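Trainee: Any chance you can model this:
(one chain, ligands or ions: 2)
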Amino acid sequence: MISMAQQAKSITQKYYGVDRRSFLQYMAAVSAIPTIAASADEISGKQHEFQDYPFTLGVASGDPEPDGVVIWTRLSPSPLSGDSLPEIPIATTWEIATDESFQHIVRRGNTNAMPQLGHSVHVEVKGLKPSHWYFYRFHVGKQTSPTGRTRTAPRLTDLPPLIRFAFTSCQHYESGYFNGYPHMQKEDLDLVVHLGDYIYEYGGQNNRPRKHLGKEIETLQEYRVRYSQYRLDSMLQETHRLFPWIVTWDDHEFDNNYANLVSEEQGISPESFLMRRKNAYQAYYEFMPLRRRSFPQGPNMTLYRGCQYGRLANFHVLDTRQYRTDQPNGDNQKPMTGKVFDSNATMLGEAQENWLMSNLSSSPATWNVLAQQVMMAPLNRGEGNDRRYSMDQWPGYELSRRRILKFFHERKIANPVVLTGDIHVNWVNDLQLDFEKSDSPIVGTELVGTSMTSGGNGGKPIREYERAAAQNDFVKWHNTNRGYVSCEVTPAKWTTHFRATPQVVEPGSTLTTPGSFVIEAGIPGAQRA
Ligand code: FE
Ligand code: CA
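Mentor: Ligands and ions are numbered 1, 2, ... in the order given. All right, here's what the predicted structure looks like:
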């Protein structure tokens, strides 16, 4: 394993040729942080009595395993105005029970809310039973958190008859209200999957349904306030309270359409870019129910990981932002020529791609789910012979895209289903081995979720998308509503209901299901339900 300093050296030499000494000083400062998380359970924190309720941001759980789950909270009486908590570890206790009234507590423990992590708490509970519901809460001084509910994953060797989960993405706060979440809460789900754009980084603008606090976020404190503003939304907070979540990020958790070390804007110094990335990644960790394996290491954070639901479904959670080379052919929509075939370009980076392929090869599951961000199917959005593809998505990294699909095909990976966010429109795509040949085998299915709010009220036909749907044979369906996606997975079939909230610019919406699709196990591609 290469050291942080070596990594920094190669990064700076490769991309910038900056003053190495100042960069190394910076890296040394941030690389001390990981030890903080490891020590949270071991040191003896101070008791602290809060005058005001410290659990304003609620509770959350995530990354379920057969014997445990991460439970999360954060001590923050006034998250929007900046807490003036003592800069000390604050003693926190946690309990997990089989009943909501905590008559049957099965595990409890002490930990510390660490000041370096904004007094957030991440406990990796172990010793639980597979496929069970649990209730959990935290105590600090005389204060008690709301009671969260969570569920463990099935035993790895079991084949559960059914799991249900919902996925969503792209919840721009200013675009509207999270009206899908109250409907999601009423569904009987094992799990919620978030595919990124959990926050947006932009500064507040007037004349929108809601307004971000402050300017475009850059400092750690600004990212923390932004996450707090989102998490104070009761519809979002309640959905975290009710289900375990698997989260991954896209670009807006940091900066629009960024790639690896390259900002959307030009002329940003590498030090300030990496400092901002460190702030963004740290705040993300602080606010999400993630395991210690995802602890930020300065401007790096390992978010790609597996989450297995017995022999039924295996979630391969990807990070298509942190390791990708800069959009090889630039941004926007362009023909698929030239640099999209650059053999040095990569969407996942070598380590993640190798991990994914080995995780897929050894997967015992009926369904192999890629929980990721950007569209994999090569959607031609141009007109006539002017074929154009989004260069920020997989077709901008065409060789990476082909390698994955070829791998599905050659290794006979069982039932690949690719879940996608990012583009604020629902799409159902058959993933063909070679999209240039209409008789090329279908090797997987892509389900693209729309946004929770981004883009405001949807539902109207958009000409570019109507045209794209008509001229790309692999497209089975598309829909421009806002909402989320609900999936029922059994050993024989996968049923997807695209849920729509016609209205997001005001609180509250009805729910419709404009499309439902079925994938039969062993037969890639989606059919109308
Ligand atoms: Fe988005
Ligand atoms: Ca995005």
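Trainee: use CA for all of it now, contacts and neighbours both
Mentor: Will do.
Trainee: so Gly310 makes contact with Leu162?
Mentor: No - using C-alpha atoms under 8 Å, Gly310 is not in contact with Leu162, being 10.8 Å away.
Trainee: if you count what's nearby, which of the two comes out ahead?
Mentor: The residue with more neighbours, out of Gly310 and Leu162, is Gly310; 22 against 15, by other C-alpha atoms under 10 Å.
Trainee: State the pLDDT value of that one.
Mentor: Gly310 carries a pLDDT score of 98 in this model.
Trainee: Arg164 versus that one, what's the distance?
Mentor: As judged by C-alpha to C-alpha, to the nearest Å, Gly310 and Arg164 stand 13 Å apart.
Trainee: Next, show the common contact partners of those two.
Mentor: Shared contacts of Gly310 and Arg164 (C-alpha atoms under 8 Å, 6 or more residues apart in numbering): none.
Trainee: show me where the stretch 401-529 of the chain has strands.
Mentor: Along the stretch 401-529 of the chain, counting by DSSP state E, counting those that start in this stretch, strands occupy 416-420, 426-432, 442-448, 475-479, 482-489, 493-501, 512-520, 523-528.
Trainee: what's the answer for the stretch 201-350 of the chain, then?
Mentor: For the stretch 201-350 of the chain, applying DSSP E, counting those that start in this stretch gives strands covering 244-247, 305-309, 313-317, 333-334.
Trainee: Looking at these, which one is packed in the most?
Mentor: Most buried of the strands of the stretch 201-350 of the chain, by mean neighbour count (mean count of other C-alpha atoms under 10 Å): strand 244-247, with a mean of 26.
Trainee: what lines up beside it in the sheet?
Mentor: As defined by DSSP bridges, the strand partners of strand 244-247 come to strand 59-65 (parallel), strand 191-194 (parallel).
Trainee: So which residues make contact with it?
Mentor: Outside strand 244-247, the residues touching it (C-alpha under 8 Å, 6+ apart) are 60-64, 149-151, 190-196, 288-289.
Trainee: Just give me the neighbour total for the residue in the stretch 1-150 of the chain positioned nearest to ligand 1.
Mentor: When scored by C-alpha to the ion, the stretch 1-150 of the chain has Gly62 as its residue closest to ligand 1, at 22.0 Å. Using other C-alpha under 10 Å, Gly62 has 28 neighbouring residues.
Trainee: Who does it form a beta bridge with?
Mentor: Per DSSP bridges, the residues bridged to Gly62 are Val70, Trp245.
Trainee: May I ask you to confirm that it is in contact with His122?
Mentor: No - Gly62 lies out of contact with His122 (C-alpha under 8 Å); the separation is 10.0 Å.
Trainee: joint contacts of the two?
Mentor: Residues touching both Gly62 and His122 (C-alpha under 8 Å, 6+ apart) are 70-71, 289-290.
Trainee: for the residue of the stretch 201-350 of the chain found nearest ligand 1, what are its contacts?
Mentor: Using C-alpha to the ion, the closest approach of the stretch 201-350 of the chain to ligand 1 is made by His252 at 7.0 Å. Counting by C-alpha under 8 Å, 6+ apart, His252 touches 196-201.
Trainee: Enumerate the residues of this protein near ligand 1.
Mentor: Counting by C-alpha under 5 Å from the ion, the chain comes close to ligand 1 at 170, 422.
Trainee: low-confidence ranges in this structure?
Mentor: The chain contains residues with pLDDT under 70 at 1-38.
Trainee: what's the neighbour count on Gly384?
Mentor: Residues lying near Gly384 (other C-alpha under 10 Å) number 10.
Trainee: what do you get for Ala345?
Mentor: 21.
Trainee: Indicate the residue of the protein located nearest to ligand 1.
Mentor: For the chain, C-alpha to the ion, closest residue to ligand 1: Cys170, 4.1 Å.
Trainee: Leu290 touches Val123, doesn't it?
Mentor: No - the pair Leu290 / Val123 is not scored as a contact, 9.1 Å apart, by C-alpha under 8 Å.
Trainee: tell me, what's touching those two both at once?
Mentor: Here Leu290 and Val123 have Val70 as joint contacts, going by C-alpha under 8 Å, 6+ apart.
Trainee: Specify which residue of the two has the higher count of neighbours.
Mentor: Neighbour tally, Leu290 and Val123, criterion other C-alpha under 10 Å: the higher count belongs to Leu290, 28 against 22.
Trainee: got a list of what that one touches?
Mentor: Taking C-alpha under 8 Å, 6+ apart, we find Leu290 in contact with 62-63, 70, 122.
Trainee: For the stretch 151-300 of the chain, which segments count as helices?
Mentor: In the stretch 151-300 of the chain, the helices defined using DSSP state H, counting those that start in this stretch lie at 180-186, 220-231, 234-242, 270-287.
Trainee: Output those as TSV; include the columns mean neighbour count.
Mentor: As requested, the helices of the stretch 151-300 of the chain are arranged in TSV below (neighbours: other C-alpha atoms under 10 Å):
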stretch	mean neighbour count
helix 180-186	20
helix 220-231	21
helix 234-242	20
helix 270-287	22
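Trainee: hang on, the earlier thing: among the shared contacts of Gly62 and His122, which one has the most neighbours?
Mentor: That'd be Ile71 among the shared contacts of Gly62 and His122, by other C-alpha under 10 Å, with 30 neighbours.
Trainee: Contact partners for the residue nearest the centre of the chain?
Mentor: By C-alpha atoms, centre = their mean, the chain has its centre lying nearest to Thr248, at 2.0 Å. With contacts defined as C-alpha under 8 Å, 6+ apart, the neighbours of Thr248 are 194-196, 303-304, 317-319, 371-372.
Trainee: quick revisit: now for the residue of the chain closest to ligand 1, how many residues are close by?
Mentor: 28.
Trainee: buried stuff in whichever helix or strand Asn354 is part of?
Mentor: Per DSSP states H and E: Asn354 is located in helix 350-361. Neighbour-count burial for helix 350-361 flags 352-353, 355-357, 359-360 (criterion: 16 or more other C-alpha atoms under 10 Å).
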